[in-house]
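**Student:** Got a predicted structure plus its sequence, pasted below:
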Amino acid sequence: MSRCLTILGDLCRRWWRRGLLVGVGLAITTAGVIAFCHYRVLGVAEGRCYDRLDAVPSGSVALVLGCSKYVAGHRPNRFFNTRIQAATELYRAGKVRALIVSGDNSTKSYDEPSDMKEALVAAGVPEAAIYCDYAGFRTFDSVIRAQKIFGQTQLVIVSQRFHNERAVYLAQKLGINASGYNAKAIATRSAPMTYAREWLARVAAVLDAEIWKAKPKFLGPEIKIAAATKP
């Protein structure tokens, strides 16, 4: 009996050591993949995302990336408000002539593009200069639909810097000449999960653009953006 217990103990220790080695190996591999994708995105987006309005290259169209207007059901979302402010600044400065507002409209009660359009009009942007993309379910979809549906080969993308870097990376990989105008940053402590998810979102972006050659969830008929008058 004692010998059996000794043998069993030796087997358990061997399997535990093997499991530990496998776990450590997986952790190192995962961290390596995340780091590689992070720096891959940064490398492509470097020098293309601007904090200052006067540094943004002029273009014909801005792509404003969507998010919810409210958080926790009723509190204003600062990510939303600062993106609207940045998009309005671009238009007023004459940096762009039209805006594509792209976001999630997967249910009747949730409509990011309409919320963005309403906020932009309230800020003084002409309704005729705003185009809604209701199938921007994720950043990849928003970017590729700006190309495939709205016919754009050059974009100024509007979001926070961390998001702009990923969107500009995707755009460049899809053959779009893109730059980003960074909306005012939101403190990490105010939205820790948003910033934490970005690490995995960059892995997904690299896989979508370079490995899987992903397709958007929906395409549809082309929408022509008319030449807008100067703001």
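**Tutor:** It's in.
**Student:** Leu155 - how many residues pack around it?
**Tutor:** For Leu155, the neighbour count with other CB atoms under 10 Å is 25. From N, CA and C alone the C-beta is placed, and that goes for glycine too.
**Student:** Mind pulling up the pLDDT for it?
**Tutor:** Looking at Leu155, its pLDDT is 97.
**Student:** do the one 10 residues further on as well
**Tutor:** In this model, Glu165 is scored at 98, pLDDT.
**Student:** which residues sit in contact with it?
**Tutor:** Glu165 makes contact with 41-42, 45, 49, 180, according to CB atoms under 8 Å, 6 or more residues apart in numbering.
**Student:** hang on, Pro29 is in a strand, isn't it?
**Tutor:** Rather than Pro, residue 29 is Thr. No - applying DSSP: H, G, I helix; E, B strand; the rest coil, one finds Thr29 to be helix, outside a strand.
**Student:** quick one: the helices in the chain?
**Tutor:** Using DSSP state H, the helices of the chain run over residues 2-45, 78-92, 112-122, 139-148, 161-173, 192-206.
**Student:** can you redo the ones you listed as JSON lines with distance to Ala62?
**Tutor:** As requested, these are exported to JSON lines (distance: least, CB to CB, whole Å):
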{"stretch": "helix 2-45", "distance to Ala62": "17"}
{"stretch": "helix 78-92", "distance to Ala62": "5"}
{"stretch": "helix 112-122", "distance to Ala62": "10"}
{"stretch": "helix 139-148", "distance to Ala62": "10"}
{"stretch": "helix 161-173", "distance to Ala62": "12"}
{"stretch": "helix 192-206", "distance to Ala62": "20"}
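**Student:** of all these, which lies closest to Gly66?
**Tutor:** Closest to Gly66 of the helices of the chain is helix 112-122 (CB to CB; 3.6 Å).
**Student:** got the angle for that closest one vs helix 78-92?
**Tutor:** 50 degrees (axes from the mean of the first three to the mean of the last three CA atoms, to 10 degrees).
**Student:** Going forward, count from 13.
**Tutor:** Got it, the first residue is 13 from now on, which makes the last one we talked about helix 124-134.
**Student:** how far does stretch 33-48 sit from the chain's center?
**Tutor:** 25 Å (CA atoms, centre = their mean, to the nearest Å).
**Student:** For the closest residue to Gln184 other than its chain neighbours, give me its contacts.
**Tutor:** Nearest-residue entry for Gln184: Val56, 5.2 Å, with adjacent residues in sequence omitted and distances by CB to CB, 6 or more residues apart in numbering. For Val56, the contacting residues are 180-181, 184-185, by CB under 8 Å, 6+ apart.
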